[in-house]
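[1] Sharing a model prediction with you, sequence too.
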Amino acid sequence: MKKKGMTRREFVKGWGAAIGVMSATGLSPVLNLFAAEQKADGPQTNFLAVPGARLYYEIRGSGPLLIMVPGANGDARIFKGVSEPLAGYYTVVTYDRRGFSRSRLLGRQDYSRRIETEAEDVRDLIQHLSQEPATVFGSSSGGIIALKVLIHYPALVRRLITFEPAAVKLLPDGQKWLDFFLGIYDLYRRSGVEPALKMFREQAFAESDRQFMAGVPRSAHTYVNAHYWFEHELRQYPAVDLDLNSLKANAARIVLMAGRESRGYPCYEVNVELAKKLGLDLVELPGGHSGFASQPAEFAGEFLQALGRMGHTPKGK
């Protein structure tokens, strides 16, 4: 495959482009064979076999384990910018959630318990990578999954950081937002992905988030991920019932975070409600719902400062 005279870097770059196309068509063995080549100068990459799926994950840095659970796009790459500064303090693990991007589904899925299954995926990653409890950070839908991890597997969680979880059923006007998401789904079925995403962004997020989301480059995975999210997550995850008694029992391990620019928007207000119900403070960080991606350096700096003030600085740092 390697042409005479090609450098290793040129060869790797060429395969990187090919892998993007092959991934979109489901040729996941190719991803496994060439992951090390594609990521020669980046994070350590691997796959973990779990019931019903094969999870793609990346590892950066050293120190206590920090698992970062992505939201609606389901892709580890959303955390690339923020994971790099955090890797000076943690072993940062980012991953594609099952059914998204490089984490392929294997066989039939039980979508009636998908959130619980995703919590099991995080459990399996922690147990595979460490013999110690982990810090789990989850954003948006990932924040719901992170809360479920603490509810079901508290012994595996050193600290739970939920950033603007999309559990809008907790809100006083929660039914309004659940109806809104149903309307977005109907628009998606009638008119397609882009009109539905546009309406979603305009109503649910701050201006800085709308600009950031609209400007994110589209990849081979983008529309496949979007269809999967519309069908299996948009309506289901916001309507989740959380075991508040279990969360109260573990409140000392929970840190609630939100973007400053998200004030008044639904996912910010979910953490306001959780703060009231659990007797916790709400930590504000730079940007809005996507602050960790749109302002990664500032986000990471204030993230670490906030944890330090709360006595949660990683050991030895």
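    Arrived safely, thanks for sending. This one's a predicted model, so the numbers in the text were calculated from it and none came from an experiment. Numbering: from 1, shown residues only.
[2] Pick out the residue closest to the middle of the protein.
    P70 (0.6 Å; CA atoms, centre = their mean).
[3] Helix, strand, or coil at P314?
    coil (DSSP: H, G, I helix; E, B strand; the rest coil).
[4] and the residue nearest to the centre of the chain, what is it in contact with?
    The contact partners of P70, taken as CB atoms under 8 Å, 6 or more residues apart in numbering, are 76, 78-79, 94-97, 100, 139, 142. In this view, the C-beta of every residue, glycine as well, is placed from N, C-alpha and C.
[5] Pick out whichever of those sits closest to R189.
    Nearest to R189 out of the contacts of P70 is F100 (CB to CB; 20.3 Å).
[6] backbone phi and psi for that closest one, please?
    Dihedral pair for F100: phi -110, psi 140, per degrees, to the nearest 10.
[7] Kindly report the same for I254.
    phi -100, psi 130.
[8] partner residues bridging it?
    L160 (DSSP bridges).
[9] Correct me if wrong: it contacts L280.
    Yes: I254 lies in contact with L280 (CB atoms under 8 Å); the separation is 6.2 Å.
[10] Restricted to strands, list the contacts of P70.
    Judged by DSSP state E, the subset of the contacts of P70 located in strands is 94-95, 139.
[11] circling back to that earlier point, who has more neighbours out of I254 and L280?
    Using other CB atoms under 10 Å as the criterion, I254 and L280 rank with I254 on top: 20 against 17.
[12] any weak-confidence spans in the stretch 101-250 of the chain?
    Judged against pLDDT under 70, the stretch 101-250 of the chain has no low-scoring part.
[13] Let me see the ranges of the strands in the stretch 51-200 of the chain.
    53-61, 65-69, 91-95, 104-105, 134-139, 157-163 (DSSP state E, counting those that start in this stretch).
[14] Take those strands and write them to JSON lines, including distance to V193 and mean neighbour count.
    What follows is the strands of the stretch 51-200 of the chain, written out as JSON lines (distance: least, CB to CB, whole Å; neighbours: other CB atoms under 10 Å):
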{"stretch": "strand 53-61", "distance to V193": "23", "mean neighbour count": "21"}
{"stretch": "strand 65-69", "distance to V193": "23", "mean neighbour count": "26"}
{"stretch": "strand 91-95", "distance to V193": "24", "mean neighbour count": "26"}
{"stretch": "strand 104-105", "distance to V193": "20", "mean neighbour count": "16"}
{"stretch": "strand 134-139", "distance to V193": "21", "mean neighbour count": "28"}
{"stretch": "strand 157-163", "distance to V193": "25", "mean neighbour count": "24"}
